[in-house]
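Engineer: no FASTA, just this:
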């Protein structure tokens with residue numbers, strides 16, 4: 001062998017070794033530093049994070065913060081239940097918090113909120129959990145300019161970690177937020193006499209608060225304010241103040257340019273374990289005030305719906321051991337289902353809320369004498385019987401031809417503590433050749449067709465849907481988005497399998513859209529469009545008992561499969577926080 005030949009072989013072996021190592025690492029899907037232990041990855045991230053805090057020039061570059069993020073994420077993924085997992089999640093939140101201060105991107109700050117929330121949710125007993133909640137409050141206050149959500153994060157420290165090392169800091173921030181609202185506290189106490197006197201003064205050209213509706217359970221309450229037109233509103237949360245004989249929280253909602261209808265009572269007693277009562281008053285000649293006296297609160301959401309215009313207020317109580325039961329944790333090796341579901345829901349999916357869309361004065365899509373509302377109800381009852389035969393508890397938003405407002409349907413599912421929410425609908429299109437099946441979950445969308453369907457189901461214009469999507473960005477922070485998407489995919493596949501023996505269905509897939517009826521749902525929720533009433537083939541199927549029976553069978557099989565997969569990829573038990 002010549003010298004040059006030997007060098008050639010050495011070069012060849014070197015290349016083969018390098019390529020082999022590259023292929024092996026590519027197969028693993030990990031960068032080289034991923035081979036670090038959790039402790040090493042965490043330490044690398046910690047050092048880089050604090051180096052960035054000390055080096056303003058370096059800290060202005062996004063790439064450095066993302067590099068720190070990668071270290072913490074690797075430490076967490078290597079052992080999601082190990083001792084470095086809660087610390088890694090915490091520093092992921094801190095990294096995005098600092099990045100958000102510099103990028104001014106709302107998405108960065110929302111990621112910080114999410115990671116801090118994961119610390120408290122997955123590792124509630126860890127000594128850093130209250131630190132995470134405190135920083136979550138700071139992100140809401142300083143990065144996102146949302147004092148109400150900051151207030152709620154601080155309240156969770158008061159309730160959950162009253163003896164923690166961040167309790168004093170949380171109380172100081174609460175007092176500071178209270179002082180900002182102090183001038184409004186006395187004025188929040190408007191009684192029936194003032195309400196009557198002021199409502200009769202200067203009411204020309206003003207809107208009207210027509211009624212107050214509510215639905216409740218021991219861990220959830222929805223209050224709806226019905227108005228005769230769209231008006232601006234604001235809200236604030238006030239701390240308990242025994243000195244004012246108000247030892248409870250008060251959520252104050254002020255509606256501009258409105259007067260109070262004489263039909264609205266000054267006080268509405270609720271006493272459901274969350275709300276004591278709802279009080280209404282004419283705060284100013286052109287401003288109505290509604291005060292929710294809250295016994296116990298963990299979070300709340302407000303949003304408005306149109307046609308007719310109403311303001312929706314959802315109030316959530318803190319989780320208790322009796323309600324939340326045993327936590328569940330996902331296996332490290334599978335990411336088919338997000339950890340949120342098995343953390344916030346029990347594994348045993350038992351109660352299904354079936355929502356036959358439309359009803360009563362709202363026929364839905366119409367073709368001649370064929371009404372969508374009747375098809376939906378027929379399918380809903382078939383589905384309910386199948387699920388009951390399989391051992392599920394079934395609840396309905398309606399069992400006859402009656403009108404149920406969209407916001408009431410979700411409220412019923414929440415108050416009945418349903419595990420899944422299935423809304424049944426029939427589609428329509430100006431082009432009679434369009435046919436097929438699609439399943440939706442709640443999310444923003446850029447699809448014109450999804451906007452069209454959402455506008456029709458919401459009974460609003462496409463422009464209103466665009467406005468709604470801005471609101472949804474905040475509302476969806478704690479929604480079961482990924483879980484709903486997974487449920488939609490499983491149900492769609494099973495329906496297509498079931499119907500294959502009867503007909504060939506055009507598969508429009510899983511889609512996302514901002515449906516009113518899914519907003520505020522605490523459980524995985526989907527909306528099904530089972531066919532097009534405007535298409536002759538679909539229309540014939542929709543009137544067929546066999547078609548509806550197979551459709552119901554497919555949905556039921558999808559629900560059973562979804563439950564089985566959740567059970568397969570999760571194990572019962574508390575989260576191991578490990579040691580510091």
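Structural biologist: In hand now; what should we look at? Computed from a predicted model, the values in this text were never measured in an experiment.

Engineer: between the two ends of stretch 113-133, what distance do you get?
Structural biologist: One end of stretch 113-133 to the other measures 9 Å (CA to CA, to the nearest Å).

Engineer: buried residues in that stretch?
Structural biologist: Buried positions in stretch 113-133, judged by neighbour count with 16 or more other CB atoms under 10 Å: 113-124, 126, 128-133. In this view, the C-beta of every residue, glycine as well, is placed from N, C-alpha and C.

Engineer: try stretch 205-220
Structural biologist: 206-210, 212-217, 219-220.

Engineer: ok, now stretch 379-394?
Structural biologist: Residues of stretch 379-394 classed as buried: 379, 380, 381, 382, 383, 384, 386, 387, 392, 394 (neighbour count, 16+ other CB under 10 Å).

Engineer: strands - which of those residues land there?
Structural biologist: Using DSSP state E, residue 394 are the members of the buried residues of stretch 379-394 that sit in strands.

Engineer: wait, which of the buried residues of stretch 379-394 is closest to residue 355?
Structural biologist: Each of these was scored against residue 355 by CB to CB, and residue 380 proved nearest at 7.5 Å.

Engineer: so how far is residue 385 from the closest residue to the closest one other than its chain neighbours?
Structural biologist: Closest residue in space to residue 380, ignoring its immediate chain neighbours: residue 356 at 3.7 Å, by CB to CB, 6 or more residues apart in numbering. Look at residue 356 and residue 385: by CB to CB, to the nearest Å, they are 13 Å apart.

Engineer: pipe the buried residues of stretch 379-394 into CSV and attach distance to residue 439 and pLDDT per row.
Structural biologist: Shown next, in CSV, are the buried residues of stretch 379-394 (distance: CB to CB, whole Å; pLDDT from 0 to 100):
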residue, distance to residue 439, pLDDT
379, 14, 98
380, 16, 98
381, 20, 98
382, 18, 97
383, 14, 98
384, 19, 97
386, 18, 97
387, 17, 97
392, 19, 96
394, 19, 97
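
Engineer: can you redo the buried residues of stretch 379-394 as CSV with distance to residue 261?
Structural biologist: Below are the buried residues of stretch 379-394 laid out as CSV (distance: CB to CB, whole Å):
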residue, distance to residue 261
379, 39
380, 35
381, 38
382, 42
383, 40
384, 38
386, 45
387, 42
392, 42
394, 37
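
Engineer: filter the buried residues of stretch 379-394 down to the ones in helices?
Structural biologist: 379, 380, 381, 382, 383, 384, 386, 387 (DSSP state H).

Engineer: which strands border the helix or strand hosting residue 303, and is each parallel or antiparallel?
Structural biologist: In this structure, residue 303 sits in strand 299-305 according to DSSP states H and E. Using DSSP bridges, the strands paired with strand 299-305 are strand 310-316 (antiparallel).

Engineer: specify the beta-bridge partners of the residue nearest to residue 380.
Structural biologist: Applying DSSP bridges to residue 356 gives these bridge partners: residue 424.

Engineer: from residue 531, how far out is it?
Structural biologist: Counting by CB to CB, the gap from residue 356 to residue 531 is 15 Å.

Engineer: if we can go back for a sec, ok, the residue nearest to residue 380 - how many residues close by?
Structural biologist: Residue 356 sits with 30 neighbouring residues when counted by other CB atoms under 10 Å.

Engineer: that one is in contact with residue 376, isn't it?
Structural biologist: Yes - with contact defined as CB atoms under 8 Å, residue 356 reaches residue 376; the gap is 3.9 Å.

Engineer: which residues do these two both contact?
Structural biologist: Each of residue 424 lies in contact with both residue 356 and residue 376 under the rule CB atoms under 8 Å, 6 or more residues apart in numbering.

Engineer: how near is residue 372 to residue 530?
Structural biologist: In terms of CB to CB, residue 372 sits 10 Å off from residue 530.

Engineer: which of the helices and strands in this structure ranks last by mean pLDDT?
Structural biologist: strand 328-330 (a mean of 36; mean pLDDT, DSSP states H and E).

Engineer: for the stretch 301-450 of the chain, which spans come out with low pLDDT?
Structural biologist: Along the stretch 301-450 of the chain, segments meeting pLDDT under 70 span 319-348, 444-450.

Engineer: equivalent analysis for the chain, please.
Structural biologist: 1-35, 180-204, 244, 319-348, 444-479, 568-580.

Engineer: kindly report the domain assignment for it.
Structural biologist: As assigned by automatic domain parsing, the chain contains the domains 1-25, 31-180, 189-321, 325-568.

Engineer: about what we covered before: can you flag which of the buried residues of stretch 113-133 belong to helices?
Structural biologist: Counting by DSSP H, the part of the buried residues of stretch 113-133 found in helices is 113-122, 129-133.

Engineer: what's the farthest-apart pair in those?
Structural biologist: Farthest pair in those (CB to CB) is 114 and 130. Separation: 17.5 Å.

Engineer: gap between the two ends of stretch 306-314?
Structural biologist: 17 Å.

Engineer: residue 281 contacts residue 289, correct?
Structural biologist: Yes - with contacts counted by CB under 8 Å, residue 281 reaches residue 289, the gap being 5.0 Å.

Engineer: more neighbours, these two?
Structural biologist: Between residue 281 and residue 289, residue 281 has the larger neighbour count (other CB under 10 Å), namely 26 against 23.

Engineer: gap between that one and residue 297?
Structural biologist: 21 Å.

Engineer: do the same with residue 378
Structural biologist: Counting by CB to CB, the gap from residue 378 to residue 297 is 41 Å.

Engineer: now swap in residue 312 and tell me
Structural biologist: Residue 312 is 16 Å from residue 297, by CB to CB.

Engineer: in the stretch 401-550 of the chain, which spans are strands?
Structural biologist: Per DSSP state E, counting those that start in this stretch, the stretch 401-550 of the chain carries strands over the ranges 420-427, 437-442, 507-513, 525-532.

Engineer: partner strands of the second one, with direction?
Structural biologist: Strand partners for strand 437-442, identified by DSSP bridges, are recorded as strand 507-513 (parallel), strand 525-532 (antiparallel).
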